[in-house]
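J.: My questions concern the predicted model and sequence given below.
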Amino acid sequence: MITFNTDGMVNQSFAFKAPIMDYIFKNVKPEHLIKLYQCSKYFYAKVHLNIIQHLEIVHSGQPEAFGLTKTAIRTSNHSFSKLSGYWIFGSLKTHALLKTINISNFYRCTIKKLELAEYIPWKEFVMLTKAGTVEDLKILGLNYLNQSLEDIIAQVPNATSIEITDPYFSSTTLESLLSMNHKTKFTTFILTYIQENFDGDLLLDYILLVVFQMNADVDCDVHVSSRLPPPHFDVDLYYEIQDIQYNEKIAEALKRKKQYFLK
């Protein structure tokens, strides 16, 4: 986080003409704007835009940090609400409940890595991902978004790594996934603790589609853990059988794809 106290500062004119500086400020990337801030405090005096590269939202009992590249802040901190006008890029991790906290008013959010370990409302997730810059998505809790799997994946079209625990399957999830055109190749695709009723063959079809078509790297890490035991099966044994069946087939598909590209 970079901030300055500009009280009493005498504004200084830039060497370039105003239209050029206006173009620079409107199109500059955050990492470059940080460099401009470090070069001269007058850049900050002109823009008055605070930037956070890596933001981590933590529980009240956890330590805070306010460094140049990383900010860890408690939700109980009175300054938390002031983050609404900041530009967040790089990464955002949530470890504290955000149900009553509005993070929709960030000046701009162009994060590449988003990790959710607590609930956030769907509208907040849409805000965090609407720039289309998320490349690494992890949802590590029990369906913290209460949204179907296809909606989540569609919201991050440029993600190369997706890891979701307890994904929600709607009646149209698998058909929607099969027809979806993801823009980038997956390096990681992991679904764990699947509890919803779904067509296992269709899910496997989608996974194999991810593996064989253009949206999976040769060395893609793919794993699916199914939780759909019929009444007459031993639950733990069935979980194990299902996991082996899915992941053995996925492993075979990855192996065949790798052999194809090595020819």
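T.: Looks like it arrived, so ask away. Residues are numbered from 1 along each chain as shown.
J.: Can you report how many residues lie near residue 161?
T.: Burial measure for residue 161: 19 neighbouring residues, criterion other C-beta atoms under 10 Å. Using the backbone N, CA and C atoms, a C-beta is placed for each residue, glycine as well.
J.: which residues touch it?
T.: Contact analysis of residue 161 by C-beta atoms under 8 Å, 6 or more residues apart in numbering lists 135-138, 186-189.
J.: ditto for residue 176
T.: Taking C-beta under 8 Å, 6+ apart as the definition, contacts of residue 176 comprise 150, 154.
J.: Take the contacts of residue 161 and keep only those in strands.
T.: Among those, the subset assigned to strands under DSSP state E consists of 136-138, 186-189.
J.: got those as TSV, with distance to residue 222 columns?
T.: Shown next, in TSV, are the ones in strands among the contacts of residue 161 (distance: C-beta to C-beta, whole Å):
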residue	distance to residue 222
136	16
137	15
138	15
186	8
187	10
188	8
189	5
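J.: now residue 164, what's its secondary structure?
T.: Secondary structure assignment for residue 164 (DSSP: H, G, I helix; E, B strand; the rest coil): strand.
J.: Could you do residue 55 as well?
T.: Here residue 55 is recorded as strand under three-state DSSP.
J.: where's it relative to residue 63, distance?
T.: Between residue 55 and residue 63 the distance, using C-beta to C-beta, to the nearest Å, works out to 15 Å.
J.: Which one (most neighbours) among the ones in strands among the contacts of residue 161?
T.: Counting by other C-beta under 10 Å, residue 189 has the largest number of neighbours within these, with 25 neighbours.
J.: beta partners of that one?
T.: Partner residues in beta bridges with residue 189, using DSSP bridges, are residue 162, residue 222.
J.: Pretty sure it sits against residue 222.
T.: Yes - because the distance of 4.9 Å satisfies C-beta atoms under 8 Å, residue 189 is recorded as touching residue 222.
J.: Show me what the helix or strand residue 72 falls within is in contact with.
T.: If you go by DSSP states H and E, residue 72 is part of strand 70-74. If you take C-beta under 8 Å, 6+ apart as the criterion, strand 70-74 is touched by 1, 52-60, 62-66, 79-80, 83, 96.
J.: next one: stretch 138-158
T.: Contacts to stretch 138-158, defined as C-beta under 8 Å, 6+ apart, come from residues 114-120, 122, 125-126, 129, 132-135, 137, 159, 161-170, 172-173, 176-177, 180, 182-184, 191, 193.
J.: Filter these down to just the ones in helices.
T.: Using DSSP state H, 122, 125-126, 129, 173, 176-177 are the members of those that sit in helices.
J.: Pull out the buried residues from these.
T.: Neighbour-count burial (16 or more other C-beta atoms under 10 Å) is assigned, among the ones in helices among the contacts of stretch 138-158, to 125, 129, 173, 176-177.
J.: For these, could you give me a markdown table that also reports distance to residue 13 and pLDDT?
T.: Formatted as a markdown table, the entries for those read as follows, by distance: C-beta to C-beta, whole Å; pLDDT from 0 to 100:
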| residue | distance to residue 13 | pLDDT |
| --- | --- | --- |
| 125 | 43 | 89 |
| 129 | 39 | 93 |
| 173 | 57 | 83 |
| 176 | 55 | 86 |
| 177 | 55 | 83 |
